[in-house]
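S.K.: Mind folding the following:
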Amino acid sequence: MAEHWKGAPVAQALTERLIVKANQLKVQGIVPTLAIVRVGERPEDLSYERGALKRCEKVGIRVKQFTLTKEASHGDLMEVIQQINVDREIHGCLLFRPLPAHMDEDAICAALDPAKDVDGITAGSLASVFTGSGAGYPPCTAQACMEILEHYGCDLTGKRAVVVGRSLVVGRPLAMLLLRKNATVTVCHTRTADLPAECRRAEVLIAAAGVANMIGRDHLTPGQLVLDVGINVDQDGNLVGDVDFTAADEIAGAVTPVPGGVGAVTTSVLAAHVLQAAEQIG
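M.R.: Below you'll find the model as predicted:
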């Protein structure tokens with residue numbers, strides 16, 4: 001049976017460190033503050049917002065919520081973003097996406113100050129991920145994967161890492177973060193020729209394609225470290241990842257569960273980015 005790399009211990013350890021940092025900032029007269037911007041009431045947004053609020057409360061981060069109806073105009077949202085950009089008391093912004101179809105999501109993301117982009121949605125943030133310098137922060141989910149690997153003592157130097165998924169939310173930025181830790185990285189996707197063979201070569205396999213149970217027995221080899229980023233609902237209404245957990249549990253050396261794995265760490269990473277931004281912005 002594989003080790004179960006749960007996210008809760010990672011989140012707890014990170015939160016404890018963040019509480020100390022938040023208190024240090026408050027001694028300096030800085031109250032770390034996050035703006036949460038939500039358009040409409042998508043259930044997944046509401047769920048993540050509740051988790052973010054709880055994590056921020058634990059750490060000691062103030063939250064300002066900006067909620068618009070799904071009928072709000074593109075201009076209405078743009079005004080909120082500009083308000084956040086100029087407010088010196090707001091250090092970070094979490095904008096829920098996707099936005100309604102009548103809004104220009106690319107323009108909205110581009111309007112956000114990269115220095116306050118704590119979830120890696122601006123071009124400036126992505127540029128900093130790829131270059132290692134500049135304003136902005138990695139997407140929280142990609143960074144959460146790195147936090148899990150570090151917490152459980154995985155030295156990535158020289159290891160073969162395969163990332164299944166090429167989105168700008170997880171796959172591509174995660175590949176860059178893995179490279180920074182000296183892993184040898186292959187990025188695959190749903191159209192990769194002989195995907196099972198590519199996955200079997202990995203010492204660290206990270207599934208982030210958004211397809212339920214697509215990583216099965218023929219993708220796995222004994223001893224692999226498997227991180228499952230997927231959040232899917234199967235035909236029975238159950239929450240499942242991109243990895244067949246039963247197969248991974250029998251074959252892999254370690255595997256993150258869904259739920260309770262990578263997703264459990266993301267709000268802690270969000271809080272960490274807010275504190276970093278507060279240190280920079282002051």
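
S.K.: What distance do you get for residue 257 to residue 65?
M.R.: Going from residue 257 to residue 65 by C-beta to C-beta, to the nearest Å gives 30 Å. Quick note: C-beta positions are derived from backbone N, CA and C, even for glycine.

S.K.: Of these two, which one has the most company?
M.R.: When residue 257 and residue 65 are compared for neighbours, residue 257 comes out ahead with 19 against 12, by other C-beta atoms under 10 Å.

S.K.: does the more buried one really touch residue 246, like I thought?
M.R.: No: in terms of C-beta atoms under 8 Å, residue 257 does not count as a neighbour of residue 246; the distance is 11.3 Å.

S.K.: Show me the domain layout of the protein.
M.R.: Residue ranges for the domains of the chain, per automatic domain parsing: 29-114, 140-264.

S.K.: do you know which of those domains lies nearest residue 271?
M.R.: Ranking those by proximity to residue 271 (C-beta to C-beta) places domain 29-114 first, at 4.7 Å.

S.K.: avg pLDDT for that closest one?
M.R.: Mean per-residue pLDDT for domain 29-114: 97.

S.K.: and that domain, how far from the chain's centre?
M.R.: On the basis of C-alpha atoms, centre = their mean, to the nearest Å, domain 29-114 sits 16 Å off its chain's mean C-alpha point.

S.K.: same thing with stretch 241-259?
M.R.: 19 Å.

S.K.: May I see the buried residues of it?
M.R.: Neighbour counts over stretch 241-259 (16 or more other C-beta atoms under 10 Å) mark 241-245, 247-249, 251-252, 254-258 as buried.

S.K.: tell me which of those is nearest to residue 173?
M.R.: Relative to residue 173, and with distances defined as C-beta to C-beta, the nearest of the buried residues of stretch 241-259 is residue 242, at 17.2 Å.

S.K.: Tell me the confidence at the closest one?
M.R.: Value for residue 242, per-residue pLDDT: 97.

S.K.: Wait, it touches residue 163, no?
M.R.: No: Residue 242 is beyond contact range of residue 163, at 11.4 Å (criterion: C-beta under 8 Å).

S.K.: the helices in the stretch 1-150 of the chain, which residues?
M.R.: 7-27, 43-59, 74-86, 105-111, 123-131, 140-151 (DSSP state H, counting those that start in this stretch).

S.K.: which of the ones you listed is buried the deepest?
M.R.: Mean neighbour count (mean count of other C-beta atoms under 10 Å) peaks for helix 140-151 among the helices of the stretch 1-150 of the chain, with a mean of 23.

S.K.: If you count contacts, what does it end up packed against?
M.R.: Counting contacts by 3 or more C-beta pairs under 8 Å, 6 or more residues apart in numbering; DSSP states H and E, helix 140-151 is packed against helix 7-27, helix 171-180, strand 225-228, helix 266-281.

S.K.: and that helix, average pLDDT?
M.R.: For helix 140-151, mean pLDDT rounds to 98.

S.K.: What is the burial count for residue 237?
M.R.: Neighbours around residue 237, by other C-beta under 10 Å: 6.
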